[in-house]
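Novice: Kindly generate the corresponding structure for this input.
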Amino acid sequence: MTQNNTHEGDDPTANSGMLFHTVPSQTTGDHDTVKPTLAADPSKPYAMRISRLTVDKLGIKMYDRVSAVLAEVIANAYDADAEHVKVRLPWGVFLAAKPGSAPVGPYEISIEDDGHGMTAEEVNSNYLTVGSDRRKRFGKDSSRDKNRPVMGRKGIGKLAPFGICETVEVITAGGVKTEKGYEVAHLILSLNEILDDTDTVYHPTPGPQNGTWALDHGTTIKLRDFHRKKVPTGQELHRQLSARFGIQRIDWDVELCNTEETLIPENLHLGELAIDILDDTKMILDDRCVETESGEKLPISGWLAYTRKPYKDEAMAGIRIFSRGKIVAQTRDFMIGSGFHGEYSIRSYLVGEIHAEWLDQNEDLIRSDRQDIIWSSEVGDALKKWGQAVIRELAKRGKTALQKQTWTDFEQASGLDERLVKEAPGDKQYQESVKQAARLLVSDRDRESVSDPQHVEKIVQLAKTIGPHKALLEALHEVSEVADSPLDIILGLFQKARIAEMYSLGQVASERIEVVNRLTSLIEDGTTLEQPLQELLEQAPWLMAPEWTPLGMNESLERVRKSFEAWYFKKEGVALVTSAINRHRREPDFVLLHDSGTLWIVEIKRMNYHLTDAEYLRAVNYLHDLDAFLNENPTLGMQFPIRKLTFVADHIDKLSSVSMSSMRNDHRIAIRGWHELLDDTLRAHRDFLARVEGVRNDSAVPASGSGSGSGSNAGSAN
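Specialist: Numbering: from 1, shown residues only. Okay, here's the model as predicted:
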């Protein structure tokens with residue numbers, strides 16, 4: 001938009017060029033439908049009535065990130081029918097200095113658009129009216145000229161800038177074009193003045209361009225006097241903003257310009273978020289509907305998939321849910337419970353983009369800060385159940401693709417081809433048999449496990465042992481076709497082939513039987529204290545999750561324990577104990593267990609103990625501290641994207657309703673009784689124990705009677 005700084009009677013052709021760009025969509029509207037509400041005092045042409053609490057809660061508290069603030073202003077430009085938006089700001093800097101440090105800046109952020117802008121009357125009636133439903137006010141939910149489905153609704157986005165700064169300047173030109181052009185409204189809002197008096201009308205200060213004329217319509221928002229907020233780097237900012245919008249239009253462009261001094265001018269244009277999707281995992285959702293309990297069918301479009309690697313950037317991870325082209329929620333897993341096949345992969349690699357226009361139509365199903373859905377509503381609950389069903393389906397469909405990628409990762413990590421060629425340069429049959437065995441052993445592993453060098457080496461050595469035994473390899477292949485976890489079944493095959501003792505896997509059966517019997521004895525005793533139960537659980541962590549396998553464990557837990565204990569002592573000044581092993585002088589605060597991808601706090605109480613609120617809150621705080629520690633240490637944190645807390649206690653009748661509600665609403669927290677734990681263990685290992693007993697019976701038969709091939713192979717192994 002071109003600005004013409006002339007008043008009536010001046011030469012309208014004497015003007016200087018200036019591009020203007022938008023304000024919040026709620027702030028703009030059809031000029032002929034708005035009644036003027038200008039203040040009577042000409043020296044105070046603008047008026048705003050707003051409580052301190054509103055600005056504090058809806059502006060400062062809800063929007064405390066630069067990208068979130070920019071998203072609100074950009075969305076308002078879209079609603080004002082802008083085709084071009086230019087955002088100018090310094091990349092990768094803190095906008096204010098720490099107290100006592102050298103000053104920075106002064107910085108300014110400007111957002112310019114070529115939307116239809118506002119007249120002074122519209123500024124008062126729309127922009128300075130906070131909390132008014134934009135769609136009801138104008139009688140439609142589409143934009144003025146381009147008929148775009150508008151994003152704005154609640155009329156609070158205009159307060160977003162106060163989450164990062166204290167001064168907001170608005171320069172806008174709109175209305176009907178005259179011979180002089182478009183009349184300019186220019187006002188400056190000060191957070192300190194707004195918060196100064198909550199009982200009287202606030203009058204923003206008119207700016208020097210107020211009442212002048214511009215050749216083009218549009219709006220500019222300028223932000224100054226910042227709080228200490230960090231502007232992301234250009235690429236980070238581009239990702240964060242691209243993740244917030246799902247708009248693909250030829251008449252819409254947002255340009256990000258770096259105002260920091262660099263040798264080469266930097267700018268980026270918002271576009272579709274580039275996500276590295278794993279081949280053959282993308283599930284298109286355009287033919288599916290969400291069905292509510294009342295039978296209403298709601299259309300969905302979009303996709304879900306797995307990524308090649310877990311994303312550290314939260315803007316890239318999980319499923320982004322859009323309505324009217326703007327993000328309204330982001331979920332990792334639709335709050336699905338644990339225990340389904342493919343759970344680890346879903347929680348680590350799931351990405352997607354879902355468009356549900358009905359979330360922002362009749363009933364308002366979006367939180368005021370537009371950062372999440374009201375899941376407790378009928379429609380929100382239906383979407384949650386729909387999403388859980390879809391990701392379960394994806395977990396099944398993506399199994400083959402994940403196995404393929406895991407094998408690729410394993411080959412790279414192990415250097416298996418080069419090693420086999422070096423060890424047996426002319427024996428192609430040996431090389432292929434070892435690779436086949438390794439492929440079968442890796443088939444049920446998660447991708448993170450093959451990044452553990454010790455785990456990878458165990459598989460290599462195991463494959464080199466199995467490979468030469470043709471009968472064993474064929475049997476293992478048959479098992480892998482029908483079983484989710486062939487490693488559990490390999491035990492019986494090893495015993496038949498007489499090679500189990502070479503790698504100690506033959507001890508798994510007797511160890512598990514011994515542990516189950518020991519747990520049964522401790523529970524039946526009825527007076528067992530915490531220490532023996534804690535030690536047993538650490539020695540056999542699969543009691544908490546029977547699907548954990550010996551090869552799934554590695555030594556990284558000890559590093560996490562020591563680092564977390566040191567971090568906690570530095571933070572709280574209190575020594576923390578997370579292991580019962582070799583800690584007889586002090587009872588652990590809790591036991592820390594893990595399998596690949598999962599870090600598990602287990603708070604153990606003695607038999608027949610009644611858990612208290614204080615104990616519940618303390619353990620929940622441990623979980624939050626563990627989250628904070630892993631987030632501050634991303635190298636460790638990325639190894640354990642899943643963090644859980646489980647209480648093993650027989651009685652919860654002393655817990656308050658608040659604690660019970662906390663547990664029900666946080667899927668990471670669970671409470672299990674000792675008898676329940678024992679029953680789950682017995683049921684989970686029923687088939688395993690029966691198979692071990694069968695193997696024992698078979699092992700009493702001479703090797704020559706076990707079938708052709710296996711006897712001779714076993715003999716050669718011994």
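Novice: Domain boundaries for the protein, per the record?
Specialist: 3-269, 283-395, 401-509+691-717, 528-679 (automatic domain parsing).
Novice: Looking at the ones you listed, spot the one closest to residue 519.
Specialist: Closest to residue 519 of these is domain 528-679 (CB to CB; 5.9 Å). Any C-beta I mention is one placed from the backbone N, CA and C, and that applies to glycine too.
Novice: re the thing from before, reformat the domains of the chain as TSV; add mean pLDDT and distance to residue 522.
Specialist: Output for those, formatted as TSV (pLDDT from 0 to 100; distance: least, CB to CB, whole Å):
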stretch	mean pLDDT	distance to residue 522
domain 3-269	79	50
domain 283-395	82	25
domain 401-509+691-717	65	21
domain 528-679	79	5
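Novice: In TSV: those domains, plus mean neighbour count and distance to residue 516.
Specialist: Shown next, in TSV, are the domains of the chain (neighbours: other CB atoms under 10 Å; distance: least, CB to CB, whole Å):
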stretch	mean neighbour count	distance to residue 516
domain 3-269	19	48
domain 283-395	18	20
domain 401-509+691-717	17	11
domain 528-679	17	8
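Novice: got JSON lines for the ones you listed, with distance to residue 518 too?
Specialist: Shown next, in JSON lines, are these (distance: least, CB to CB, whole Å):
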{"stretch": "domain 3-269", "distance to residue 518": "50"}
{"stretch": "domain 283-395", "distance to residue 518": "25"}
{"stretch": "domain 401-509+691-717", "distance to residue 518": "15"}
{"stretch": "domain 528-679", "distance to residue 518": "6"}
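Novice: Nearest to residue 517, out of those?
Specialist: When these are compared by CB to CB, domain 528-679 sits nearest residue 517, at 10.9 Å.
Novice: quick one: that closest one to chain centroid distance?
Specialist: 23 Å (CA atoms, centre = their mean, to the nearest Å).
Novice: what's the single longest strand in the chain?
Specialist: strand 165-178 (DSSP state E).
Novice: Output the contacting helices and strands for that one.
Specialist: strand 181-190, helix 191-196, strand 213-214, strand 218-226 (3 or more CB pairs under 8 Å, 6 or more residues apart in numbering; DSSP states H and E).
Novice: Neighbouring strands - and their directions - for it?
Specialist: Sheet pairing of strand 165-178 (DSSP bridges) gives strand 181-190 (antiparallel), strand 218-226 (antiparallel).
Novice: Of the ones you listed, which is nearest residue 265?
Specialist: Closest approach to residue 265 among the strands paired with strand 165-178 is made by strand 218-226 (20.1 Å; CB to CB).
Novice: related to what we said a few turns ago, can you redo the helices and strands packed on strand 165-178 as JSON lines with distance to residue 392?
Specialist: Compiled in JSON lines, these are given as follows (distance: least, CB to CB, whole Å):
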{"stretch": "strand 181-190", "distance to residue 392": "49"}
{"stretch": "helix 191-196", "distance to residue 392": "48"}
{"stretch": "strand 213-214", "distance to residue 392": "56"}
{"stretch": "strand 218-226", "distance to residue 392": "45"}
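Novice: so what's the backbone phi/psi at residue 110?
Specialist: Residue 110 adopts backbone torsions of phi -130, psi 140, taken as degrees, to the nearest 10.
Novice: Assign a three-state SS to the nearest residue to residue 527 once chain neighbours are set aside, would you?
Specialist: Of all residues not flanking residue 527 in the chain, residue 607 sits nearest, at 6.3 Å (CB to CB, 6 or more residues apart in numbering). The three-state label for residue 607, taken from DSSP: H, G, I helix; E, B strand; the rest coil, comes out as coil.
Novice: Next: residue 387.
Specialist: Put simply, residue 387 is helix when judged by three-state DSSP.
Novice: list the contacts for the closest residue to it other than its chain neighbours?
Specialist: The shortest distance from residue 387 to any non-neighbouring residue, by CB to CB, 6+ apart, is to residue 334 (3.3 Å). Counting by CB atoms under 8 Å, 6 or more residues apart in numbering, residue 334 touches 319, 383, 384, 387, 388, 391.
Novice: The fifth one contacts residue 336, doesn't it?
Specialist: Yes. Counting by CB atoms under 8 Å, residue 336 is a contact partner of residue 388 at 4.4 Å.
Novice: Tell me the helices and strands packed up against the strand or helix carrying residue 631.
Specialist: With secondary structure defined by DSSP states H and E, residue 631 is part of helix 613-632. Counting contacts by 3+ CB pairs under 8 Å, 6+ apart, helix 613-632 is packed against helix 556-572, strand 598-604, helix 634-637, strand 642-648, helix 657-665.
Novice: and the angle from that helix to strand 598-604?
Specialist: Interaxial angle of helix 613-632 relative to strand 598-604 (axes from the mean of the first three to the mean of the last three CA atoms, to 10 degrees): 160 degrees.
Novice: on that earlier part again, now the helices and strands packed on helix 613-632 in CSV, with distance to residue 233?
Specialist: Shown next, in CSV, are the helices and strands packed on helix 613-632 (distance: least, CB to CB, whole Å):
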stretch, distance to residue 233
helix 556-572, 27
strand 598-604, 30
helix 634-637, 16
strand 642-648, 28
helix 657-665, 36
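Novice: what's the closest of these to residue 82?
Specialist: Per CB to CB, nearest to residue 82 of the helices and strands packed on helix 613-632: helix 634-637, 37.5 Å.
Novice: and after the helix or strand encompassing residue 437, which helix or strand comes next?
Specialist: Using DSSP H and E, residue 437 sits in helix 428-442. Going down the chain from helix 428-442, the next helix or strand is helix 453-466, by DSSP H and E.
Novice: what's the spacing between that following helix and its chain's center?
Specialist: When distances are taken as CA atoms, centre = their mean, helix 453-466 is centred 34 Å away from the chain's centroid.
Novice: Quick one: closest of the helices and strands packed on helix 613-632 to residue 158.
Specialist: Using CB to CB, the helices and strands packed on helix 613-632 put helix 657-665 closest to residue 158, at 32.4 Å.
Novice: Quick one: list the elements packing against that closest one.
Specialist: Short answer (3+ CB pairs under 8 Å, 6+ apart): helix 657-665 packs on helix 613-632, strand 669-672.
Novice: residues in contact with that helix?
Specialist: Taking CB under 8 Å, 6+ apart as the rule, helix 657-665 contacts 613, 616, 617, 620, 652, 655, 669, 670, 671.
Novice: Mind putting those residues into JSON lines with distance to residue 237?
Specialist: Formatted as JSON lines, the contacts of helix 657-665 follow (distance: CB to CB, whole Å):
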{"residue": "613", "distance to residue 237": "43"}
{"residue": "616", "distance to residue 237": "41"}
{"residue": "617", "distance to residue 237": "38"}
{"residue": "620", "distance to residue 237": "34"}
{"residue": "652", "distance to residue 237": "46"}
{"residue": "655", "distance to residue 237": "45"}
{"residue": "669", "distance to residue 237": "35"}
{"residue": "670", "distance to residue 237": "39"}
{"residue": "671", "distance to residue 237": "43"}
